[in-house]
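Engineer: quick one, fold the following:
(2 chains)
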Amino acid sequence: MPDTERVSLEDVRRVAELAYLELTTEEESRMRRDLNAILDYVAQLGELDTSRIAPMTQVSEVLATGGETATEELSVLRDDLPVPCLDRNRAMASAPETDGVFFKVPKVIER
Amino acid sequence: MTTMTAAGSIESVRSAIARGETTATALAESYLARIAEEDPRIHAWLSVGREYALAQAAEIDKLAANGETLPPLAGVPVGIKDVLTLEGFPATAGSKILEGYRPPYTATAVRKLADAGAIFPGKLNCDEFAMGSSNENSAYGPVHNPHHLDRVPGGSSGGSAAAVAAGMAVATLGTDTGGSIRQPASFCGVVGVLPTYGRVSRYGLIAFASSLDRIGPFAANVRDAATVLGVIAGHDPMDATSSPLAVPDYAADLDRSADQGVSGMRLGVPAEYFAEGLDAEVRAAIEGGIERLRSAGAEICPISLPHTRYAIPAYYVIATAEASSNLARFDGVRYGLRAPQSDTLAAMYRRTRDLGFGAEVKRRIMLGTYVLSHGYYDAYYRKAQQVRRLLADDFLSAFKEVDAIVTPTAPTPAFRIGEKSDDPVAMYLADIYTVTASLAGICGISVPCGRSAEGLPIGMQILGKHFDEAAIFRVGQALENLLAS
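Structural biologist: Model prediction:
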């Protein structure tokens, strides 16, 4: 392990909690090893000066600024109209537990 | 070694049915028989729907018997990657968390295939949630490369590539987020197309990384791949990122440009794709293919795509960040697996996701959650998005000078099952030549371009500008013709 280990065991546990993942002790140590290896590799992004570069979040924005495609056609929003959605019975058919009207889950508040 | 049979082309299938030389039913039966015979060794299929396929075939036979004009894919067996939905059929995404799930709706691309007369033999194996480069991450077991059973077929659409290679389907649908169509096409010796982002609706695709995910075809030849793309492409109100641009008739365009081929086209060869790490046999095969394109009249132009080496790190930040968000929906509430006997909702979420997700999916959710978490967002996620723009700009500049770009699809031929499965970074590098086009949103195709001494297929990747699929089909068709002659 390099001295400047990016991800500690505590980090692994904190992130697992954020992601609602339950990791065994072995999984935790392997995850720490793998995340550090990947983030060491990712660190080379730091070589690039990107201070003047706008983040690219979607392909369509590149077409709007740099491409030759007709841009106005690529940014069309649909009309905001209510349309029928999936029938409740068909949606509920896939649920692990339902009373036919609502999805049922274990209790939410611990007492 | 499995015997390869030349699968019938789309046009030969359609016209044989139209002329009454065969029936869609007989054809469907023969493909189902071939799956039963070949697939125990290859494991490309996760589910086979015999009755459904035969019912679809009967509809085509009815049209043919009445002398009606047959739709473009009449009677053509097309396999569907198991991340795409077909109402009422399994859609596991290669994951235990969706075992037994029956989606209540059909993906737009799949519906368009059905409307065009295609027959669906079943759903195809893939890496779990399309995360992988070898198909070893499927919760239902790996796919074996039909050319060499101890090799991987590539991934994540390994089943889709292997099914075409082994003659178990005329065409298949796959998905490509960082190379998941092109790289398995290269490993299995078939044609695989990455359409421009927005060309094909993603409605009904179980999402991995929404700004990168694309649906595209596999086929045994360029023309069939072009025909299938023409069927599935187009605007869809159900996907706001699908493009309203008109869909060209790609196959007709190939006919029009047949005499001219690549003559007069400017093809860019980026130095960065022929650097350290490229297998010597792959290099020789691709350079040989480029020489043939030159002799056919293409102008070969050395170019530079200077940010190429930053593509893999940028990709693994962006793709995992989006995945951690997309996969939050698998919580045991609305569909799929639920861990039994949890006292609280939070415990149920955690235990369900622990039971349901495999190691690579957990790794990517963890990485994605980490790079989006407080204090790291700017350093990782925003930084990767900035680098993404630099990579896209590299291509936009290059396409001012050239009509298409030719590269190897993958740095090596198919590697051995188990060879890279313990080293995530080594596995990620299998996508080194494909993630760039994924980030930029441009189109690409992998076309067979020779074999290694061991007989393993090698693919040439041809990249085109946004919505210029016609150009990459034209180059791909020329390469296919040159190598056949």
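Engineer: please make it C-alpha for all contacts and neighbour counts, starting now.
Structural biologist: Fine.
Engineer: which helices and strands sit right next to the helix-or-strand element of chain A with minimal mean pLDDT?
Structural biologist: Within chain A, judged by mean pLDDT, DSSP states H and E, the helix or strand with the poorest mean is helix A:59-65; its value is a mean of 74. Helix A:59-65 is packed against no helix or strand, with contacts defined by 3 or more Cα pairs under 8 Å, 6 or more residues apart in numbering or on different chains; DSSP states H and E.
Engineer: return the alpha-carbon coordinates of it using CSV.
Structural biologist: Output in CSV follows, covering the C-alpha atoms of helix A:59-65 (Å, rounded to 0.1, in the frame of the first residue of the first chain):
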residue,chain,number,x,y,z
VAL,A,59,-23.6,14.5,-25.6
SER,A,60,-26.3,16.9,-27.0
GLU,A,61,-24.5,20.0,-25.6
VAL,A,62,-21.3,19.1,-27.6
LEU,A,63,-23.4,18.9,-30.7
ALA,A,64,-24.9,22.3,-29.9
THR,A,65,-21.5,23.9,-29.6
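Engineer: pull the longest helix from the chain.
Structural biologist: In the absence of a named chain, this looks at chain A. The residue-count maximum for a helix in chain A (DSSP state H) belongs to helix A:25-42.
Engineer: that was the other one, I meant chain B.
Structural biologist: For chain B, the longest helix by residue count, based on DSSP H, is helix B:24-42.
Engineer: off-centre distance for it?
Structural biologist: Centroid separation between helix B:24-42 and its chain, computed with Cα atoms, centre = their mean, to the nearest Å, is 22 Å.
Engineer: again, but for stretch B:117-129
Structural biologist: 12 Å.
Engineer: what of stretch B:338-349?
Structural biologist: Remark: stretch B:338-349 is offset 36 Å from the chain centroid, using Cα atoms, centre = their mean.
Engineer: tell me where the model's unsure across chain A.
Structural biologist: Where chain A drops to pLDDT under 70, the residues are A:1-4, A:64-76, A:110-111.
Engineer: just the helices in it please.
Structural biologist: Under the criterion DSSP H, chain A carries helices at the ranges A:9-18, A:25-42, A:59-65, A:88-92.
Engineer: for these, which one sits closest to residue B:352?
Structural biologist: Relative to residue B:352, the nearest member of these by Cα to Cα is helix A:9-18, separated by 13.6 Å.
Engineer: and the closest one with chain B, contact?
Structural biologist: Yes: using Cα under 8 Å from any Cα of the partner chain, helix A:9-18 reaches chain B at A:12, A:15-16, A:18.
Engineer: residue closest to the middle of the chain?
Structural biologist: Assuming you mean chain A. For chain A, residue A:19 is the residue whose C-alpha lies nearest the centre (Cα atoms, centre = their mean; 9.5 Å).
Engineer: actually chain B
Structural biologist: Closest residue to the average C-alpha location of chain B: residue B:181 at 2.3 Å, with Cα atoms, centre = their mean.
Engineer: how near is residue A:41 to residue B:410?
Structural biologist: 20 Å (Cα to Cα, to the nearest Å).
Engineer: which of those two has more neighbours?
Structural biologist: Between residue A:41 and residue B:410, counted using other Cα atoms under 10 Å in any protein chain shown, residue B:410 has the larger neighbour count: 30 against 15.
Engineer: would you confirm that that one contacts residue B:449?
Structural biologist: No: Residue B:410 lies out of contact with residue B:449 (Cα atoms under 8 Å); the separation is 11.9 Å.
Engineer: which residues are common contacts for the two?
Structural biologist: By Cα atoms under 8 Å, 6 or more residues apart in numbering or on different chains, residue B:410 and residue B:449 have these common neighbours: residue B:459.
Engineer: residues near residue 60, how many?
Structural biologist: In the absence of a named chain, chain A is used. A count of nearby residues for residue A:60, using other Cα under 10 Å, gives 21.
Engineer: other chain: chain B
Structural biologist: Using other Cα under 10 Å, residue B:60 is surrounded by 28 other residues.
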